[in-house]
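Q: sequence first, then the predicted structure:
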Amino acid sequence: MAHVQSLDPSASPLDYYGWELRRQREANGLKQGQLGEIIFCTGSLIGQIETTKKVPTRDFSERLDAALGTDGVFSRLVGLVLRSQLPTWFQPYAEMEARATYISTYQAQLVYGLLQTEGYARAVLATGMPDDLEGLVAARMERQRILERAQPPLAWAVLDEAVLHRPIGGRDVMRNQLARLLEFTRHRWMRIQVLPFSAGEHSSLDGAFNLLRFDGDPDLIYTEDLISGHMTANPEIMREAARRYAHLQAAALSVEASAALITRVMEERYGNRPGPEERAVA
């Protein structure tokens, strides 16, 4: 097992975080268990983060700053750490996503990552059987912080109706996820439309894609295949993607009708149902 002393703080954001945590802890004259008691965790967890065996969360980092008086050092550093946990091929897209002023997405299979609940994200990410599922979940939740800015990007999501019916993570997870989508419909900077089954064939049967727009930089389109992602600013491809997205929006239900459909599916498919004993009594 790697010792903290042997960590190279320049090797990665996670290595630097572990190195700096140990340095600050020792500067405050605290053992791992003592610091753990102060921030309500185990000394073992402190040790695992110091040796890069565990990825820190934002909540953990905020508690560290409060306990050690580090003026937000760990709260700032954790953003870099969590972004570094994203798959290498996805990191360039995440960086561009964070800079975008307008995001539009069509999703045929899953809720868009920025709109996922933690439970839904965990169920999706677990399908890849990762070595550090919790680190990936924390990284996905960190991506969503761009929606919490004072001026978040404008966003438009078209979701295939199949997304609402696919029971990712089970009934409770799906109910919470659809409730989360309904919360977003009340934000003035977010629009969600559902492409109903009744639309039949449509302009993006080939699959999902995301369009990013920026202030002063070329627009980008992002797509994924089985094992990697692809971005391009090719003007011809961008024009074709914009045309397809316009057709998707036209074929989708209105924002209001989409919210009504999400509500109906949430209640009818994922609502609270009586168990066998309750049904027998009824």
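A: Everything's here; your move.
Q: all strands of the stretch 51-200 of the chain, in order?
A: Secondary structure of the stretch 51-200 of the chain by DSSP state E, counting those that start in this stretch: the strands cover 102-107, 154-160, 190-195.
Q: next, the angle from the first one to strand 154-160.
A: Same thing as strand 102-107. Counting by axes from the mean of the first three to the mean of the last three Cα atoms, to 10 degrees, strand 102-107 lies at 10 degrees to strand 154-160.
Q: taking strand 190-195 as reference, get the angle to strand 102-107.
A: Using the same axes, to 10 degrees: strand 102-107 against strand 190-195 is 20 degrees.
Q: thinking again about what came up before, turn the strands of the stretch 51-200 of the chain into a markdown table, including mean pLDDT.
A: Shown next, in a markdown table, are these (pLDDT from 0 to 100):
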| stretch | mean pLDDT |
| --- | --- |
| strand 102-107 | 97 |
| strand 154-160 | 97 |
| strand 190-195 | 97 |
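Q: among those, which comes closest to residue 262?
A: Smallest distance to residue 262 across the strands of the stretch 51-200 of the chain (Cβ to Cβ): 6.7 Å, for strand 190-195. C-betas here are computed from N, CA, C, even on glycine.
Q: tell me which stretches of the stretch 1-150 of the chain form helices.
A: Using DSSP state H, counting those that start in this stretch, the helices found in the stretch 1-150 of the chain span residues 13-27, 32-38, 43-50, 58-68, 73-84, 91-99, 118-126, 133-143.
Q: among those, which is nearest residue 189?
A: Going by Cβ to Cβ, the one of those nearest residue 189 is helix 91-99, 14.9 Å.
Q: now do the buried residues in the closest one.
A: Of all the residues in helix 91-99, those buried under the rule 16 or more other Cβ atoms under 10 Å are 93-94, 96-97.
Q: I'd guessed residue 112 sits against residue 105; true?
A: Yes - look at residue 112 against residue 105 with Cβ atoms under 8 Å: they come within range, at 4.9 Å.
Q: overlap in contacts of those two?
A: With contacts taken as Cβ atoms under 8 Å, 6 or more residues apart in numbering, the residues that reach both residue 112 and residue 105 are 157, 210.
Q: where in this structure is pLDDT low?
A: Scanning the chain with the threshold set as pLDDT under 70 gives 1-5, 272-282.
Q: hang on, isn't residue 92 packed against residue 232?
A: No - applying Cβ under 8 Å as the test, residue 92 and residue 232 come out as separate, 11.9 Å apart.
Q: returning to that earlier point: figure out which of the helices of the stretch 1-150 of the chain is closest to residue 258.
A: Nearest of the helices of the stretch 1-150 of the chain (Cβ to Cβ): helix 118-126, 18.2 Å.
Q: name the residue closest to the centre of the chain, please.
A: residue 140 (3.1 Å; Cα atoms, centre = their mean).
Q: how about that residue, nearest residue that isn't a chain neighbour?
A: Among residues not flanking residue 140 along the chain, residue 121 sits closest, at 4.8 Å (Cβ to Cβ, 6 or more residues apart in numbering).
Q: isn't that neighbour up against residue 142?
A: No - look at residue 121 against residue 142 with Cβ under 8 Å: they stay out of range, at 11.1 Å.
Q: so which of those two has more stuff around it?
A: More neighbours surround residue 121 than the other of residue 121 and residue 142, with 27 against 20 (other Cβ atoms under 10 Å).
Q: gap between that one and residue 128?
A: 12 Å (Cβ to Cβ, to the nearest Å).
Q: just residue 45 next, same as before
A: 25 Å.
Q: these two: who's more crowded?
A: residue 45 (17 against 9).
Q: pretty sure the more buried one contacts residue 37?
A: No - Residue 45 is not in contact with residue 37 according to Cβ under 8 Å; the separation is 11.7 Å.
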